[in-house]
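In: I'd like to go over a predicted model; first the sequence, then the structure.
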2 protein chains.
Amino acid sequence: MISTPDNVRIVEVGPRDGLQNEPGTLRIDDRMDLIERLADSGLMHIEAGSFVSPRWIPQMADSDRVLQGLKRRHGVRYTALTPNLEGLRRARDAGVREVAVFAAASEAFSQKNINCGIDESLQRFAAVCEAAQQAGIAVRGYVSCAMGCPYQGPVPTTEVARVTAVLISMGCYEVSIGDTIGTGTPRQVQQVLERCMAKTDASQLAVHFHDTYGQALANILAALQLDIATVDSSVAGLGGCPYAEGASGNVSTEDVVYMLHGMGIETGIDLEALIQTGHWICERLQRHNLSRVGLASGAGTAEEESS
Amino acid sequence: MISTPDNVRIVEVGPRDGLQNEPGTLRIDDRMDLIERLADSGLMHIEAGSFVSPRWIPQMADSDRVLQGLKRRHGVRYTALTPNLEGLRRARDAGVREVAVFAAASEAFSQKNINCGIDESLQRFAAVCEAAQQAGIAVRGYVSCAMGCPYQGPVPTTEVARVTAVLISMGCYEVSIGDTIGTGTPRQVQQVLERCMAKTDASQLAVHFHDTYGQALANILAALQLDIATVDSSVAGLGGCPYAEGASGNVSTEDVVYMLHGMGIETGIDLEALIQTGHWICERLQRHNLSRVGLASGAGTAEEESS
């Protein structure tokens, strides 16, 4: 029988990674509302904003106002992406207690995404980590393109493991291994994770899957079987896929939670409340709900329908 | 590392289970064309029609003409659903070499779906199996509602295992265990299958998952880990879900094959040809493609896009 952790921590990335890849731009009060609704549904870790230039990512403009303005729930972690020291300074001024840095395992993606190579980006993140530590701010790391790159194709697993270990050595408390283009399949997921686990403990690893090819839940199942207990996901599948129009991006939190709860794995999340939040944000963004659980709910069982 | 079979046989159910749950009705030559295209893509087992009353299922009317008219490929099995002796007679007259009988593990579903209880249905199928054997026709069995029922809710695993074993004892060479409402999750899948495997060898079991809650690929992965090597699926996710409007039904063949090939598991299928067939049938039916692989393909990698 499948062996998995008993508890899984979901890192909800919809309000940042999700919204920044949506075509529309939400009002600031809607962004705060989204984050508060997610926390109300029991999510304890929410990526809430990004301190990048609004010229590049207008969807994340005014993240300081979002992070300062939202009603914080006790015990919930609100993370903000900070690409550099300037971002960290702004995040700190906004009272942020946790930031994230976003590295890539693909040289080509790093160049195209942040205009510098992997090693140069790691130097930049080292400075962010050091300054964050001095300010008592926790740092989470990302490694993107862990299963493949939209520009260079295959990515060596050794490089994923190396970048992960470097981020941990800089002081990241956890690194999220990301399948940015969603092409990974379960055996590859295990190969990449096992390579990472040779240098980094499973408790310091998270997984971040895109459902572009429908593989995300199977990949999460493969990761759970290696004792990975932290999963990134996005309510209603917010985010789409920048590399394939109309296709899915981030795996939807509803679908992940449905699977975990079905397997008896605890998350602390109220799935019904989460589904409602998914419907709410899709209405706000006037977009299709990409969560299969979201789509299927509302219809219920045949008996409920006829009652 | 995940252990699975090296080869998986896909049973393509789109032309029967899929089309009969689509709102539109295809022309006979389009139905034949679909089946031939599927065989051309390397599928070796295709559910091609159904000998039920066209009053109940107009989409399957003239299945005799479909099965008699299509160009048969050597080695490909074309199955037809036969609910009773009358259906079997018509199938035999149409030259069908393999039929399928459709039982349920849920008493309530059996009553609503075929107007008789499980045991009465099994008596009917025993007669079909006996007559089929005399005519040298192979019989495949289905057990629906194996993970839950839209009318009665939970379904005892003991009942799934019992009905499966009865079908095998009647002469079915294989029984496909169906999650009709798509609510199953990986641990439950393993529980149901292990219960079945106490009475029936894994080589005589197939799995049939619906993707209504996005769980199908994870569930297939769980089944593969129990050495189940036969998987039902439907090109482009044909079929929808009769219990939740707009939601998915049958898992799409493209998504299954993508996962299997990604895991190094052989199917003999040309995924690219299959994806094209998925797009073609969706155009014919003027419906949305429910295969995530189908949706993501066409966009390709960023380099392909810019070239």
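Out: On my side now, so go ahead.
In: got the residues of the stretch 1-150 of chain A near chain B?
Out: The interface of the stretch 1-150 of chain A toward chain B, taken as C-beta under 8 Å from any C-beta of the partner chain, is made up of A:Met1, A:Ile2, A:Pro150. Just so you know, the C-beta spots here come from the backbone N, C-alpha and C atoms, and that holds for glycine as well.
In: Reformat those residues as a markdown table; add pLDDT, secondary structure and neighbour count.
Out: Putting the residues of the stretch 1-150 of chain A next to chain B into a markdown table (pLDDT from 0 to 100; DSSP: H, G, I helix; E, B strand; the rest coil; neighbours: other C-beta atoms under 10 Å in any protein chain shown) gives the following:
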| residue | pLDDT | secondary structure | neighbour count |
| --- | --- | --- | --- |
| A:Met1 | 84 | coil | 11 |
| A:Ile2 | 92 | coil | 17 |
| A:Pro150 | 93 | coil | 25 |
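In: Can you tell me which of these comes closest to chain B?
Out: A:Pro150 (4.1 Å; C-beta to the nearest C-beta).
In: Might one say that that closest one is in contact with A:Ile181?
Out: Yes: in terms of C-beta atoms under 8 Å, A:Pro150 counts as a neighbour of A:Ile181; the distance is 5.2 Å.
In: Let me see the ranges of the helices in chain A.
Out: Under the criterion DSSP state H, chain A contains helices at A:28-40, A:63-69, A:85-93, A:107-114, A:118-134, A:157-170, A:186-197, A:216-224, A:253-262, A:271-285, A:292-296, A:302-306.
In: Mean pLDDT added to the ones you listed, as a markdown table?
Out: Conversion of the helices of chain A to a markdown table gives the following (pLDDT from 0 to 100):
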| stretch | mean pLDDT |
| --- | --- |
| helix A:28-40 | 98 |
| helix A:63-69 | 96 |
| helix A:85-93 | 97 |
| helix A:107-114 | 93 |
| helix A:118-134 | 98 |
| helix A:157-170 | 98 |
| helix A:186-197 | 98 |
| helix A:216-224 | 98 |
| helix A:253-262 | 98 |
| helix A:271-285 | 97 |
| helix A:292-296 | 94 |
| helix A:302-306 | 36 |
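In: pLDDT wise, what is the one residue in the stretch 51-200 of chain A that gets nearest to chain B at?
Out: Proximity to chain B, evaluated over the stretch 51-200 of chain A using C-beta to the nearest C-beta, is greatest for A:Thr185 at 2.9 Å. At A:Thr185 the predicted local distance difference test score is 98.
In: show me the contacts for it.
Out: A:Thr185 makes contact with A:Gln215, A:Ala218, A:Asn219, B:Tyr258, B:Met259, B:Gly262, B:Met263, according to C-beta atoms under 8 Å, 6 or more residues apart in numbering or on different chains.
In: With respect to A:Ile10, which of those residues is nearest?
Out: Closest approach to A:Ile10 among the contacts of A:Thr185 (C-beta to C-beta): A:Asn219, at 15.2 Å.
In: roughly how far apart are that closest one and A:Gly240?
Out: Using C-beta to C-beta, to the nearest Å, we find A:Asn219 at a distance of 19 Å from A:Gly240.
In: of those two, who's got more company?
Out: The residue with more neighbours, out of A:Asn219 and A:Gly240, is A:Asn219; 31 against 23, by other C-beta atoms under 10 Å in any protein chain shown.
In: That one: what's it in contact with?
Out: Contact analysis of A:Asn219 by C-beta under 8 Å, 6+ apart lists A:Asp179, A:Gly184, A:Thr185, A:Pro186, A:Val189, A:Val207, A:Phe209.
In: Adding distance to A:Trp56 as columns, could you present the residues you listed in CSV?
Out: Compiled in CSV, those are given as follows (distance: C-beta to C-beta, whole Å):
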residue, distance to A:Trp56
A:Asp179, 23
A:Gly184, 27
A:Thr185, 32
A:Pro186, 34
A:Val189, 30
A:Val207, 26
A:Phe209, 25
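In: and the two most separated of these?
Out: The largest distance within the contacts of A:Asn219, taken as C-beta to C-beta, falls between A:Thr185 and A:Val207 and amounts to 13.5 Å.
In: which residues touch stretch A:45-58?
Out: Residues external to stretch A:45-58 that are found in contact with it (C-beta under 8 Å, 6+ apart): A:9-17, A:20, A:25, A:31, A:35, A:38-39, A:60-64, A:66-67, A:70, A:76-83, A:86-88, A:90-91, A:94, A:100.
In: rerun that using 6 Å as the cut-off
Out: Contacting residues not belonging to stretch A:45-58 are listed as A:11-13, A:15-16, A:20, A:25, A:35, A:38, A:60-61, A:63, A:66-67, A:77-83, A:87, A:90-91 [C-beta atoms under 6 Å, 6 or more residues apart in numbering or on different chains].
In: Buried residues, that stretch. List them.
Out: Going by neighbour count (16 or more other C-beta atoms under 10 Å in any protein chain shown), the buried part of stretch A:45-58 is A:His45, A:Ile46, A:Glu47, A:Ala48, A:Gly49, A:Ser50, A:Phe51, A:Val52, A:Ile57.
In: Which pair of those residues spans the longest distance?
Out: Within the buried residues of stretch A:45-58, two members stand farthest from each other by C-beta to C-beta: A:His45 and A:Ile57, at 21.4 Å.
In: now for the helices of chain A, which one comes closest to B:Pro156?
Out: helix A:253-262 (17.5 Å).
In: what about that closest one, distance to the chain center?
Out: Between the centre of helix A:253-262 and the centre of its host chain there is 15 Å, according to C-alpha atoms, centre = their mean, to the nearest Å.
In: what about that helix, near chain B?
Out: Yes: residues of helix A:253-262 are located near chain B by C-beta under 6 Å from any C-beta of the partner chain, namely A:Asp255, A:Tyr258, A:Met259, A:Gly262.
In: which residues does the third one contact?
Out: This means A:Met259. Residues counted as contacts of A:Met259 (C-beta under 6 Å, 6+ apart) are A:Leu217, B:Thr185, B:Gln215, B:Ala218.
In: Quickly check these for the two that are furthest apart.
Out: Checking those against each other with C-beta to C-beta, the farthest-apart pair comes out as A:Leu217 and B:Thr185, at 9.3 Å.
In: residue contacts, the residue lying closest to A:Cys116 once chain neighbours are set aside?
Out: Among residues not flanking A:Cys116 along the chain, A:Ser110 sits closest, at 6.6 Å (C-beta to C-beta, 6 or more residues apart in numbering or on different chains). Shown in contact with A:Ser110 (C-beta under 6 Å, 6+ apart): A:Ala104, A:Gly117, A:Ile118, A:Ser121.
In: tally of neighbours for A:Met170?
Out: Counted with other C-beta under 10 Å, residues neighbouring A:Met170 total 20.
In: brain fart, A:Arg124
Out: Counted with other C-beta under 10 Å, the burial measure for A:Arg124 works out to 17 neighbours.
In: Around chain B, which positions in the stretch 151-300 of chain A sit nearby?
Out: A:151, A:185-187, A:190, A:212-215, A:217-218, A:221, A:243-247, A:255, A:258-259, A:262-263, A:292-293, A:295-296, A:299.
In: Give me the buried subset of those residues.
Out: Those of these that meet the buried threshold are A:151, A:185-187, A:190, A:212-215, A:217-218, A:221, A:243-244, A:247, A:255, A:258-259, A:262-263, A:292-293, A:295-296, A:299, by 16+ other C-beta under 10 Å.
In: give the contact list for A:Val8.
Out: Taking C-beta under 6 Å, 6+ apart, we find A:Val8 in contact with A:Ala229, A:Val231, A:Leu260, A:Ile265, A:Thr267.
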